Each structure stands twice: as C-alpha cells, then as structure tokens.
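Novice: My questions concern the predicted model and sequence given below.
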Amino acid sequence: MKICLTIAGSDSISGAGIQQDLKVFNALGIYGTNVITAVTAQNTSKIYGIKFLDAKFIEQQIDAAMELKPDEVKIGLIGNGEICNAIYKKMKEYKCSPILDTVLISTTCFKFYDDDLLNSLKQLSKISKLTTPNLKEAEILSGIEIKNIDDKKKAAEIIGNCVLKDEGEDLIYYNNKFEILKFDKIFFKTHGSGCTFSSAIACYLAQDYEMFEAIKKAKIFTYEAIKHAIKSQYLNLSILNPFFEVEKDVVKENIRAGLKILNECPNLANICPEVGMNIAQITNFSRGEISSLRTHISKISPILEIAEFSGRIFYDQFDKKLKAIGDVEFGGEHHLARALSTYMKYSKTNCRTVINVKFSEENIEKFKNFGFEISDFDRNAEPEENKLMEGKTMEFGIMAALIKNPKAELIYDKGGFGKEAMLRVFGRDAIDVAGKILKIL
Ligand code: PXL
C-alpha cells in the first residue's frame, strides 16, 4: 500500500483542503495521512474565519504522521511564515521533497498570505519537487506580470519545477523542459480543483509514474472530478467529486449481481419479455435535483451516468437461464436508460434503478397485492410529432405515468402497433429490484 501525507488546512464543507486531499488519495488507492495547519470556517460563498494552529504543534503532528513513512508529501494551505519555516525544517529532517500547492488566494478571493509567508515559501519551493501555482500565484511568487506564454515561461524558470495552471492551458516546467498541456475550458467555477490536482499528482508519483505522465493523469482525473462535480442552486461554486470512477464500478457490480439474483427465479419464462430485458442504474451522485442541475450547467447528459448491458438480457431456452449480451456499460442510448433518466427527473421516490419485465395482468396483480405504487401510460396517447422523434416515447410515457402518480415504483404500458406491452419495476439499486421481482413474481 502506498502512502501520501497531506499538510494543509481544514475546510468546513470538505471540498478543498485536508478533506478533499484525503478523498482523492482514497479514490486513487492510496492510504492518506494528514497534518492540519489551520482550520477554516468557510463555504462556497465566503471564508467566515480562519485559525492557524501553533507551529510547534504542527511539528508534532508531522513527527506523529511520519510513523507511516509517506511515499509522497503534498503541501497545501500554510498560512504564515512561522508555520512555513516549521514545515521546511521538518521536510529537511525527514528528507522529503514535497509537491507544493501554493495556496495564496481562495476562489472566493480570500488572501491566505503575508510577506513573511512569501519569503519562507520561496525557500520551501526550492526543496519541493514540484510547485503548482495558478497564474495569480505565479505572478506573486515570480514578481513577473504574466500576459503571454513568454511571461509564463520566465515566471516558471524563476519559480523552478512547476505547473503554471491556466484556464484551458497549463504550462509544465520540469528539469529544464517545457510542455504545454491543453484541455477544454470549464465554464463554471469550482471549489477544490487545486487541491484535487496536486493531491492526484502526489498519488501518481507515489505509484511510480514519471513526472510529466503523473501531471497529465492528474489533469484528466481533476477534469473528470469537475465533470462529475456536485452542483446545486444552494452552492455558489460546484464541489469536485473524486469518486466518479469508484461510483461507476459500484454500479456495474451491482447490475451484474442483480442479474445473478434474477436467475434464481423459478419461472423466468414468465418474466422475460419477447424483446428481452435490461437493468439500468444511475450513479448515486446524480440523483434528482443535483442531476438536473449538473446536466443543465455542464451540459452532461444524465444518460452518461446510467449503466446497463450493452446488448440485452435474453432467456436461453436450453439452459433455462437469463443471459446478458455484452457487458455493463455507461452511456448507451437504450430505451431503459431513457426511461430511467426521465424517471429521475419526475419521480418522488428514492429509486435509481429499473428492470423491465414481461407484461401480464397476473404480474400486475401480484405487485398490487404487495402494496406497490403503480402507474401506467398509453402509447396511443403520444402526440404524433413526438412519435416521429427517435427515443422520445419513453420520455413521454414515463412522464405521463409520473404525473398521475409521482410515487409509482411500477410503470406499465399495454403496448401499441408493433410494440410489446411492458412492465418496468423501479428500486434503489439492481440488487433491490431483482430481489423484489424474485419475491413477488
Ligand atoms: O483550494 C485552495 C484551498 C486549500 N485549502 C483550504 C482552502 C482552500 C480554498 O478555499 O480553504 C483549506
């Protein structure tokens, strides 16, 4: 197990600082230890207050944390010159060359430095293997006003090994080599992207990636964490989600486990429709309001957050088993993914998974007897112009059913011209839905 140590400030909303660093370490398979320099009282709108811990006490924390010898050390918010000197001393004592994220100004424009800190920060920067300032911080550290790429390069040479973070175009300067890292601009403001980026670099270095590769991988990771950020109308900035990959793996495993449970059903032929079945599940972070806001702001389709089997699930007459074609994948524009995406928008339940099963009056009767909330829609009531648009029927039908009953956990339709009647069972996750089907049908 690789270990990274973060020396940084605490953030009350866990989107930056120590809390975010530990989340990133965890998401990337690294064990994280921590030393707290300061405690902030803040949210995405402003910093209410900040209390620095005593430099001697910070030294004690470093001594304690060193029991688990870190493969890499990442430094974030330091706060004042005295703390910086203490950290410098300890880094030398333990022969550490850290990744230094020069946190000088917060996204909410709070100034985290004074002249004392700047002087000792330059000393700390010299023994760091990499410094990760944004443009403003690079100007402060180098004393150069940055207007173009040449200014960026001059500033980088003064700072030493570093990544100068700029919107859409970072400059890497390492071992006298320059490289420009381009990526799509992000059109919304975030909280914690600097912490996420520097922590991810520490993780990849700990896992023996060489510097340029570690930086590029950390950039991609940060970008994905931004794409999957938590947004809400209550937040001034969106909060990065480092667990996007972990969440997706959990969903995939859950769907595979759901299929195994379905296969324990004694009367599979009564459950599997002619057109086959599927299981669609959406990641936990992309539910309800957050989901629609995320989609709205970052233009990510909720479909990208939904996984299902790339083919469908069919009943194999010989083996008398359900068999999936293809593997579980995210982002397929299938019927059931569309149905779930619409369901997430309009339902008032905690369900985030759906399985389609064969329609029959008996099957509906059994669900009714279990006290299920049920609704339905009529394909014949779909407006003609809607029918002409690819993939709109599910949106129309699920919405219509939920307008009748927003708590429905079972939605059926009796089919239409060339369309098989269908039952859709919703639940918390694939294991939950498969369990219900097994018990009820
Ligand atoms: O992202 C910079 C940062 C780092 N550490 C702490 C912070 C912030 C920004 O607000 O509060 C503790």
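Specialist: That came in fine, so what should we check first? Residues are numbered from 1 along each chain as shown.

Novice: is it true that residue 258 touches residue 431?
Specialist: Yes: between residue 258 and residue 431 there is a contact under Cβ atoms under 8 Å: 5.5 Å. All C-beta spots, glycine's among them, are computed from the backbone N, C-alpha and C.

Novice: My guess is residue 75 contacts residue 99. True?
Specialist: Yes: using Cβ under 8 Å, residue 75 is in contact with residue 99, at 7.1 Å.

Novice: which neighbours do these two share?
Specialist: Residues touching both residue 75 and residue 99 (Cβ atoms under 8 Å, 6 or more residues apart in numbering) are residue 128.

Novice: Just give me the longest strand of this structure.
Specialist: strand 31-42 (DSSP state E).

Novice: Tell me where the model's unsure across this structure.
Specialist: The chain contains residues with pLDDT under 70 at 286-300.

Novice: now do 80
Specialist: 185-188, 231-233, 285-302, 333, 388, 390-391 (pLDDT under 80).

Novice: Tell me the residues of it that contact the ligand?
Specialist: Residues of the chain lying close to the ligand (Cβ under 6 Å from any ligand atom) are 8-9, 11, 16-17, 40, 42, 76-77, 103, 106, 192, 194-195.

Novice: Could I get the residues you listed in TSV, plus columns for neighbour count and secondary structure?
Specialist: Below are the residues of the chain next to the ligand laid out as TSV (neighbours: other Cβ atoms under 10 Å; DSSP: H, G, I helix; E, B strand; the rest coil):
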residue	neighbour count	secondary structure
8	28	strand
9	26	strand
11	26	coil
16	31	coil
17	27	helix
40	22	strand
42	23	strand
76	27	coil
77	27	coil
103	25	coil
106	20	coil
192	31	coil
194	23	helix
195	31	helix
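
Novice: just the residues you listed now: which is nearest residue 94?
Specialist: For those, the closest approach to residue 94 (Cβ to Cβ) belongs to residue 8, at 17.0 Å.

Novice: one step back: list the buried residues of the next helix or strand after the longest strand of the chain.
Specialist: Downstream of strand 31-42, the next assigned helix or strand under DSSP states H and E is strand 47-52. Of the residues in strand 47-52, 47, 50, 52 count as buried by neighbour count, 16 or more other Cβ atoms under 10 Å.

Novice: Contacts for the helix or strand following strand 47-52, please.
Specialist: Tracing the chain C-terminally past strand 47-52 and defining elements by DSSP H and E, one meets helix 55-65 next. Contact with helix 55-65 is made by 5, 7, 33-37, 82-83, 85-87, 89-90, 94, as judged by Cβ under 8 Å, 6+ apart.
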